[in-house]
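Trainee: sharing a model that was predicted from the sequence below.
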Amino acid sequence: MEQKKFDLNSFIGMLLLGGIMLWWMNTQKPDETPEATTQTEQTTNATENVQNNLTENTVLNDSLQQIALQNKFGAFAYGASTTKEGSTTIENNLVKLTIDNKGGQIIEALVKNYKTYDSLPLYLVKDKNASFNINFGTTDNRILNTKDLLFTPSLTKNGDTQVLSMKLKVAEDKFLEYRYEMKEGDYRVGFAVRSQGLNNVINSSQEINLDWNLKGFRHEKSLKTENMYSYYYYKADDEVDYLQMNDNEVVNDIDWVAFKQHFFSSVLTSETPLNNATLKSIDFAGEDVDSVYTKTYELKAPLALTNGELNYNMQWFYGPTDYNLLKSYEGTSLNEIADLGWGIFGFLNRTIFYPVFNMLKGFIGNYGLIIILMTIVVRILMSPVLYKSYLSSAKMKVIRPEMEEINKKYPGKENAMKRQQEIMAVQRKAGVNMMSGCIPALMQMPVFFALFKFFPTNIEFRQKGFLWANDLSSYDTVFQLPFKIPFYGDHVSLFPILASVAIFFYMKMNQSQQANMQAPTQEGMPDMSKMMKWMIYFSPIMMLFFFNNYASGLSLYYFISNLLTIAIMFIIKNYVIDEDKIHAQIEENKKKPVKKSKFRERLDAAMKQAQEQQAAQQRTKKK
């Protein structure tokens with residue numbers, strides 16, 4: 001077999017062929033086409049153009065926005081462009097206020113430590129139910145409202161006082177400022193309205209108006225009762241007054257206005273009295289049991305410039321209409337919005353019932369027991385009056401047979417004057433005064449009406465329970481009716497029923513006393529005894545209907561009061577008054593000469609003259 005040998009020529013040929021192939025592969029790379037180069041340049045240019053356009057549009061939008069603000073707000077465009085929307089909260093242990101940047105006004109006022117009748121947080125301001133605004137003109141002929149403008153907030157603290165400055169800026173050193181100052185443990189919040197450097201911005205020839213309005217939220221179970229005690233109060237010329245329902249007035253020299261919502265009030269006080277102020281109250285609730293609001297209150301008052309600037313020191317109050325609390329604000333007269341009644345009724349509440357109540361609550365925590373103890377105190381104090389009334393009744397009972405004899409002796413209309421003269425002579429000799437029975441009853445009326453104001457308006461009784469009543473300031477409910485009875489309501493209250501039953505037995509027991517106090521029925525005169533019989537049934541029914549929607553604390557008072565009156569009357573009648581001794585005393589009085597007063601002499605002379613004229617007329621008729 002032939003052996004293969006190495007072929008040098010073939011090996012050299014293979015190397016040359018491989019080198020040629022490598023050279024050819026490296027020199028055949030594809031060239032960039034003009035289209036590819038153009039696309040790359042376009043992409044780069046487009047990116048640069050977008051960035052340039054965004055920058056230009058941003059600058060353009062900012063410029064357009066600034067122009068729009070300038071056209072709308074004039075000099076106040078500065079604040080609108082430098083301030084953002086938002087709110088600031090200031091609070092202490094009693095009240096929490098939220099102030100909005102837009103308008104610099106209070107948009108929420110939460111009264112802590114109190115709840116609504118349905119256990120919700122108690123807000124006096126929320127959900128745009130209130131608005132505070134200053135309307136003014138500018139020197140560049142614009143009419144602006146602060147409620148539409150953005151204020152710049154600045155919250156600081158000075159000791160235990162929080163200070164919130166809300167500035168409506170024209171420039172950093174020119175602004176309109178609302179300044180709020182809140183201290184710990186106080187419902188009052190300092191509020192200043194002042195301007196700086198705006199004497200060339202605010203048009204002093206145009207009126208600057210402060211507008212404050214509020215729609216009062218419903219907070220209590222009985223909308224009708226709450227609305228009845230919700231009033232617009234104000235202090236002007238050092239006197240406190242209020243608006244009637246659906247009324248408006250123009251008033252001068254106003255120190256404060258109070259939007260009262262039964263147990264809670266929103267008050268604005270001004271150290272500089274407001275003049276030519278328009279006050280308006282609108283009854284919003286009516287009879288709508290599902291209404292969210294009670295009344296709408298409005299205040300509109302012009303503000304005066306001092307050297308071209310605004311400078312008013314004011315004060316807000318958002319809190320309870322608590323007589324004891326408001327009384328502590330000396331020199332303000334704010335305690336008068338607690339509505340304790342006018343004249344003698346308010347005097348009794350201020351000087352007797354509130355001091356007694358404050359003393360009792362100092363060592364008794366149950367407010368139902370406080371009412372019972374107050375009732376006992378009142379009945380004990382009134383027991384001498386009740387004794388006088390019964391004593392007069394007993395005396396009248398003793399001399400009644402004599403008066404009946406006089407009626408028989410002088411019958412007919414022609415003897416009416418003589419009959420009356422003789423009856424008065426018998427009463428005078430016996431030492432009996434007809435008014436002595438009426439005066440005690442009249443003396444009890446102021447107490448009745450004073451307490452009629454005391455219990456429904458005293459916030460201390462609010463949401464305080466006793467027995468089946470869970471709120472002594474509102475009606476108690478033992479049964480809910482599926483329908484509404486006119487003048488009665490859609491529920492059954494037990495305390496008014498008990499009070500009505502007690503009144504019935506009291507009047508039944510008192511009927512004989514009233515019969516004794518009345519002189520025998522004279523000819524031609526109505527029989528009062530028959531009317532009294534009807535009143536025994538009519539009064540309890542009236543009480544039942546009237547008090548069914550009233551404060552259960554008031555019904556509890558009348559129930560206990562009538563029970564105690566019945567007991568006192570029973571004791572006086574059976575153990576104190578002795579009719580035999582009274583009769584003997586009357587007989588002794590008859591023996592004594594009666595000295596007539598000048599008034600009695602004039603009265604007897606007038607009656608004698610009338611009697612003679614009557615006799616002359618009768619003689620003329622016979623002719």
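Mentor: That came through, no problem.

Trainee: average pLDDT for the helix or strand hosting Val447, rounded please.
Mentor: Counting by DSSP states H and E, the element that carries Val447 is helix 435-457. Mean per-residue pLDDT for helix 435-457: 75.

Trainee: stretch 241-250 too?
Mentor: For stretch 241-250, mean pLDDT is 84.

Trainee: start to end distance for it?
Mentor: This stretch, stretch 241-250, spans 13 Å end to end (C-alpha to C-alpha, to the nearest Å).

Trainee: how about Lys128, what does it touch?
Mentor: Applying C-beta atoms under 8 Å, 6 or more residues apart in numbering to Lys128 gives the contacts Ile107. The C-beta positions use only the backbone N, C-alpha and C, and glycine is treated the same way.

Trainee: which element is it on?
Mentor: Going by DSSP H and E, Lys128 is not part of any helix or strand.

Trainee: quick one on the thing from earlier: for the next helix or strand after the helix holding Val447, give the mean pLDDT please.
Mentor: Toward the C-terminal end, the helix or strand that comes next after helix 435-457 (DSSP H and E) is strand 479-485. Across strand 479-485, pLDDT averages out at 83.

Trainee: adjacent strands (with direction) for strand 479-485?
Mentor: Paired neighbours of strand 479-485 in the sheet (DSSP bridges): strand 489-492 (antiparallel).

Trainee: could you identify the helix or strand that succeeds the strand it pairs with?
Mentor: Past strand 489-492, the next helix or strand by DSSP H and E is helix 494-517.

Trainee: quick one, that next one and strand 479-485 angle?
Mentor: 70 degrees (axes from the mean of the first three to the mean of the last three C-alpha atoms, to 10 degrees).

Trainee: and the helices in the stretch 101-250 of the chain?
Mentor: 223-228 (DSSP state H, counting those that start in this stretch).

Trainee: from memory Ser333 sits against Ala236, does it?
Mentor: No. Using C-beta atoms under 8 Å, Ser333 is not in contact with Ala236, being 10.9 Å away.

Trainee: which one's more surrounded, those two?
Mentor: Ala236 (20 against 17; other C-beta atoms under 10 Å).

Trainee: and the more buried one, what pLDDT?
Mentor: pLDDT at Ala236 comes out at 91.

Trainee: which residues does it bridge with?
Mentor: Glu239, Ile254.

Trainee: any idea how far Gln463 is from it?
Mentor: Using C-beta to C-beta, to the nearest Å, Ala236 is found at 34 Å from Gln463.

Trainee: then Asn252?
Mentor: Going from Asn252 to Gln463 by C-beta to C-beta gives 40 Å.

Trainee: show the average pLDDT along the helix or strand where Tyr297 lies.
Mentor: Take DSSP H and E as the rule and Tyr297 turns out to sit in strand 293-303. On average, the pLDDT along strand 293-303 is 91.

Trainee: show the subsequent helix or strand relative to that strand.
Mentor: strand 311-320.

Trainee: hmm, who's touching that next one?
Mentor: Contacts of strand 311-320 (C-beta under 8 Å, 6+ apart): 94-95, 97, 106, 109, 111, 114, 124-125, 180, 187-195, 258, 263-272, 303, 325, 334, 459.

Trainee: strand partners (parallel or antiparallel) of it?
Mentor: Paired neighbours of strand 311-320 in the sheet (DSSP bridges): strand 188-196 (antiparallel), strand 264-274 (antiparallel).

Trainee: could you dump these into TSV and include distance to Val356?
Mentor: TSV is the format used below for those (distance: least, C-beta to C-beta, whole Å):
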stretch	distance to Val356
strand 188-196	29
strand 264-274	25
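
Trainee: just so I know, which of these lies nearest Thr146?
Mentor: strand 188-196 (9.5 Å; C-beta to C-beta).

Trainee: and the closest one, which residues are buried?
Mentor: By 16 or more other C-beta atoms under 10 Å, the buried positions in strand 188-196 come out as Arg188, Val189, Gly190, Phe191, Ala192, Val193, Arg194, Ser195.

Trainee: can I get that strand as PDB, trimmed to CA atoms?
Mentor: Taking Å, rounded to 0.1, in the frame of the first residue of the first chain, the C-alpha atoms of strand 188-196 are listed here in PDB:
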ATOM      1  CA  ARG A 188     -64.400  82.500  74.300                       C
ATOM      2  CA  VAL A 189     -62.000  83.000  71.400                       C
ATOM      3  CA  GLY A 190     -60.400  86.400  70.700                       C
ATOM      4  CA  PHE A 191     -61.000  87.700  67.200                       C
ATOM      5  CA  ALA A 192     -59.400  90.800  65.700                       C
ATOM      6  CA  VAL A 193     -60.200  92.200  62.200                       C
ATOM      7  CA  ARG A 194     -57.500  94.700  61.200                       C
ATOM      8  CA  SER A 195     -55.700  95.900  58.000                       C
ATOM      9  CA  GLN A 196     -52.200  97.200  57.300                       C
END
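
Trainee: ok, Tyr233 to Ser473 distance?
Mentor: From Tyr233 over to Ser473 the distance is 20 Å, taken as C-beta to C-beta.

Trainee: please say which of these two ends up with more neighbours.
Mentor: Set Tyr233 next to Ser473 and count neighbours by other C-beta under 10 Å: Ser473 wins out with 29 against 24.

Trainee: pretty sure that one contacts Gln463?
Mentor: Yes. When contacts are counted by C-beta under 8 Å, Ser473 is listed as touching Gln463 (7.3 Å).

Trainee: count of neighbours near Lys484?
Mentor: Neighbour count for Lys484, taken as other C-beta under 10 Å: 11.

Trainee: typed the wrong thing, it's Gly308
Mentor: For Gly308, the number of neighbouring residues by other C-beta under 10 Å comes to 13.
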